[in-house]
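1. Okay, sequence plus prediction incoming.
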Amino acid sequence: MNSPFRTPLTDGELRRRASVFTLLDEIGDILDITRSQFERAKQSYNAVGDWLSGSTDPLLVKTLVYLQGSSSLGTAVKPIGRDEFDIDLICFCAAVSFGVSPQRLKAAVGNRLREHKTYAAILEEKKRCWRLNYAGDFHLDLSPTIANPHCYNGGELVPDRKLHDWHPTNPKAYKKLFDARAALQPRLTQKMVAMKRDQASVEPFPAYHSAKGVLRRVVQLLKRHRDVFFVNNTDEIAPISVIITTLAMQSYAYCVKRHVFEDALDVLIETIRMMPHFIEHPIIDGWAGYAVWNETTSGENFAEGWNKDARKPKAFDVWHATALRDFEALRDGVGHDVLTQNMQRSFGDSVTKPVLEKHLGNLGGARKSGSLLVAPALGLTTSKAAASPTSVPSNTFFGDQ
Amino acid sequence: MQRGGKQEMTLSQQLLFLKSNPVVGGSGEVSRHKLTWTTQVQPTPLARDYTVRLILKESETPDVFVDNPSLTELAGDREIPHVYLNPLRLCLYLPGTGEWHGSKRLDQTIIPWTFLWLFYFEDWLATDDWKGGGKHPGEVAEPKGNRENRRRVARL
C-alpha cells in the first residue's frame, strides 16, 4: 500500500473510489441510530438513572447511569431481523464496596426497577444485566458496576457471566481511547493531488470528507458485514462487537501513524487487513491461547470466549478473510451493477437498496426538471460546479424490445 | 429533408460540434455522405467505460452502437430493453416526436442520451428493472411518416 513503486491511480480510478466511499458512508448513515431515536434513548436512560439513585437501598444511593458500547462510540448498527437497537448502559454504584456479591447488586438494581410501574412492565432479566425493552425502538441494557480498587486507570468491576465474581472493565477510558484514535487524520496523497488541481483551477475533485471519520465507519461496516455473514448461523460463534471494535481501533491507529494512503478507501481496507495482527497469543495452561486485551484496564480479555470454544477463533478467521475479500471487491469492482451486487452481498439488500435508489432518484428528478448535466470526466451529474457541461434534453427511450 | 421549417445540419457541421464539445471525447470523420464518430462513454465514475460508435448518414437517423464491452455478454440470456436489433443499436428517443431531428446537434442530444441509456443499463443489469422510462412499440400510435422512417431504419 505504501510502496513508492505502485502505479499511481488514474483520475478515473480515484473518482470511482471516491464514489464508492461516499456510498459506503451513506450505508453507515442508514445503519446508524437516528438522532431522534438517540434523543429518546437519552431521555429514557436519564430517567432510569434518576429513579435508581432515588432508591433508599444503601447499595444504590450513589448510582450514575451512563452510556457505554457502540452508541457511546458512534458505531451503532441497526440489527438484522428486529427493530430495536441495543443501547448499553453502565449503572455505576459508587456507594458499593468490593465486598458485595455480584448477585446482590444485580438483584438490588432489579428490585428497584420493579418498584416502578412502567419499568416493571418492560423489564427483562439477562445473564449479566437488566433489559428495559422499549418495543420497536430500543433496548436499554443496564449492567451494574462498582469501582475497581486495583485499577490505576479509574476502572470498574462488572459481574461475570455466572454472577460469581467481579470482572474488570473500563468503559469510560475505553471510549476516551477510541475517540482519540478515531480523531487521528490519515494522510492522503489523493487530497494533496486534489489541492494542486484546485489551485490549477481544473474541475473540482471529489476529496472525501466525513464528519464521522473513517474509523467509526470501518467499525460499523464490519459489524454489519459480520451480521450478514452469520445471519443463518445459530451457534453464537460470530466475533463479538467489542473484538471487532478493539482490533479495528488498534489497526487504524497503527496504519494511520505509519502510512500515507491513496484515499479513504485505502485506509479502510488497510485497517481491515491489519486487524488480526493485534490478536495476542499468550500461553494459557500450556497452550497458545487468544487474547484481545482491553488496553484501558488490566485483566479484561475480550477474546476470553475463544479459549473455551475453538470454533470462535476459527469463525473470526473465516469471517475476516471474507470481509477483506469483499471490501477489496468493493474497491476494485467496475460497473454500477458489479458494485450493487458486491454491496448486496456485504451489507444486505435492505440497506443497499435505499442508498442506491436515492442516487437514482436524484438523477431521475434532475432529468425530469431539465437540470441534469453531462460533464467531462464526471459523466452524468447534478453538480452546478461541474466545468463545461452539456444539458441532457428530455427524451423517451424506445426500441424493438 | 426539411421539417417544420428547420434547416438540417450538414454532416460536417455535426462533426465540428462533436469535435468542439468538451463532453465528447474521441474522433471521427465524414466520408461518402456518412459521419462516423467513435468515443468513450462512462456514464458515472462508478460505471464502465464504453466504446460507442455513432453513425449518421445524410438525411437519415443516427445509429448508436456499443462496441466494447459487449452489451449482449453483459446481459447474459436476458433481453436488453430499449434497443433496435440486427444489428444491436441503442434506441434513445421516440421517433416522430421531434426529440431528435436533423436540425439538432448530436453532441447535445444523442451523446447525452447515450450516457443516460448506459447509466440505466447498468442499473438494469443489477436489478432487472429499467428505471429510465420510455415506450415500446404498440404503446404509442406512431405517426405515419414515422413508421416509414422506422422501416427504413430497420432495413439498414
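-> That came through, no problem. Numbers count the residues shown, from 1 in each chain, chains lettered A, B, ... in the order given.

2. drop to CA atoms for contacts and neighbour counts, all remaining ones
-> OK.

3. shaky segments in chain B?
-> B:1-5, B:139-156 (pLDDT under 70).

4. Show me the residue sitting in the middle of it in space.
-> Nearest to the geometric centre of chain B sits B:Val64, at 4.1 Å (Cα atoms, centre = their mean).

5. Contacts only, for the residue nearest to it when sequence neighbours are not counted.
-> Nearest residue to B:Val64 in three dimensions, chain neighbours excluded: B:Leu54, at 4.7 Å (Cα to Cα, 6 or more residues apart in numbering or on different chains). Contact partners of B:Leu54, counting by Cα atoms under 8 Å, 6 or more residues apart in numbering or on different chains, are B:Leu35, B:Thr36, B:Trp37, B:Thr38, B:Pro62, B:Asp63, B:Val64, B:Phe65.

6. Could you dump these into a markdown table with secondary structure and distance to A:Ser394 added?
-> Output for the contacts of B:Leu54, formatted as a markdown table (DSSP: H, G, I helix; E, B strand; the rest coil; distance: Cα to Cα, whole Å):
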| residue | secondary structure | distance to A:Ser394 |
| --- | --- | --- |
| B:Leu35 | strand | 24 |
| B:Thr36 | strand | 24 |
| B:Trp37 | strand | 23 |
| B:Thr38 | strand | 23 |
| B:Pro62 | coil | 17 |
| B:Asp63 | strand | 19 |
| B:Val64 | strand | 18 |
| B:Phe65 | strand | 21 |
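
7. show me the residues around the residue nearest to the centre of chain B that make contact.
-> B:Val52, B:Arg53, B:Leu54, B:Ile55, B:Arg89, B:Leu90, B:Cys91.

8. could I get the residues you listed as JSON lines with secondary structure?
-> Formatted as JSON lines, the contacts of B:Val64 follow (DSSP: H, G, I helix; E, B strand; the rest coil):
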{"residue": "B:Val52", "secondary structure": "strand"}
{"residue": "B:Arg53", "secondary structure": "strand"}
{"residue": "B:Leu54", "secondary structure": "strand"}
{"residue": "B:Ile55", "secondary structure": "strand"}
{"residue": "B:Arg89", "secondary structure": "strand"}
{"residue": "B:Leu90", "secondary structure": "strand"}
{"residue": "B:Cys91", "secondary structure": "coil"}
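
9. roughly how far is the longest helix anywhere in chain B from the heart of the chain?
-> Using DSSP state H to define each element, chain B has its longest helix at helix B:110-127. Taking Cα atoms, centre = their mean, to the nearest Å, one finds helix B:110-127 lying 12 Å from the centre of the chain it belongs to.

10. Also stretch A:297-306?
-> 20 Å.

11. mind checking the end-to-end distance for that stretch?
-> 20 Å (Cα to Cα, to the nearest Å).

12. What of stretch A:74-86?
-> 13 Å.

13. List the buried residues of it.
-> By neighbour count on 16 or more other Cα atoms under 10 Å in any protein chain shown, the buried set for stretch A:74-86 is A:Gly74, A:Thr75, A:Ala76, A:Val77, A:Lys78, A:Pro79, A:Glu84, A:Phe85, A:Asp86.

14. List the contacts of that stretch.
-> By Cα under 8 Å, 6+ apart, the list of residues contacting stretch A:74-86 reads A:31-33, A:70, A:134-141, A:212, A:216-217, A:219-220, A:223-224, A:227-228, A:231.

15. repeat that with 6 Å
-> Stretch A:74-86 is contacted from outside by A:Leu31, A:Asp32, A:Ser70, A:Gly136, A:Asp137, A:Phe138, A:His139, A:Arg216, A:Gln220, using Cα atoms under 6 Å, 6 or more residues apart in numbering or on different chains.

16. tell me the mean pLDDT over that stretch?
-> Throughout stretch A:74-86, pLDDT has a mean value of 90.

17. what about the strands in chain B?
-> Assigned by DSSP state E, chain B shows strands spanning B:27-31, B:34-41, B:50-57, B:63-68, B:83-84, B:89-90.

18. any chance of these in TSV, with distance to A:Leu339 too?
-> TSV is the format used below for those (distance: least, Cα to Cα, whole Å):
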stretch	distance to A:Leu339
strand B:27-31	30
strand B:34-41	18
strand B:50-57	17
strand B:63-68	19
strand B:83-84	24
strand B:89-90	24
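
19. before we move on, back to that, determine which two of the contacts of stretch A:74-86 are furthest apart.
-> Across the contacts of stretch A:74-86, the longest distance by Cα to Cα is 25.0 Å; it joins A:Gly136 and A:Arg216.

20. which of these two has more neighbours?
-> Neighbour totals were compared for A:Gly136 and A:Arg216, and A:Arg216 leads with 24 against 10 (other Cα atoms under 10 Å in any protein chain shown).

21. dump the residue contacts of the more buried one.
-> Taking Cα under 6 Å, 6+ apart as the test, what A:Arg216 contacts is A:Thr75.

22. secondary structure class for it?
-> Under three-state DSSP, A:Arg216 comes out as helix.

23. now it: how far from A:Thr381?
-> 29 Å.

24. do A:Val218 as well
-> Counting by Cα to Cα, the gap from A:Val218 to A:Thr381 is 28 Å.

25. Those two: which is more packed in?
-> The neighbour count for A:Val218 versus A:Thr381, taken as other Cα under 10 Å, is higher for A:Val218 (26 against 21).

26. need the next SSE after the helix or strand harbouring A:Gln103, C-terminal direction.
-> In the assignment (DSSP states H and E), A:Gln103 maps to helix A:102-114. Per DSSP H and E, the first helix or strand lying C-terminal to helix A:102-114 is helix A:117-122.

27. to the chain's geometric centre, what's the distance from that next one?
-> How far helix A:117-122 lies from its chain's middle: 31 Å, per Cα atoms, centre = their mean.

28. Now do that helix, average pLDDT.
-> Mean per-residue pLDDT for helix A:117-122: 96.

29. Kindly export it (C-alpha atoms) in CSV.
-> Extracted in CSV, the C-alpha atoms of helix A:117-122 (Å, rounded to 0.1, in the frame of the first residue of the first chain):
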residue,chain,number,x,y,z
LYS,A,117,-44.8,0.5,37.2
THR,A,118,-43.7,1.4,33.7
TYR,A,119,-40.3,-0.3,34.1
ALA,A,120,-41.7,-3.4,35.7
ALA,A,121,-43.8,-4.0,32.6
ILE,A,122,-40.9,-3.8,30.2
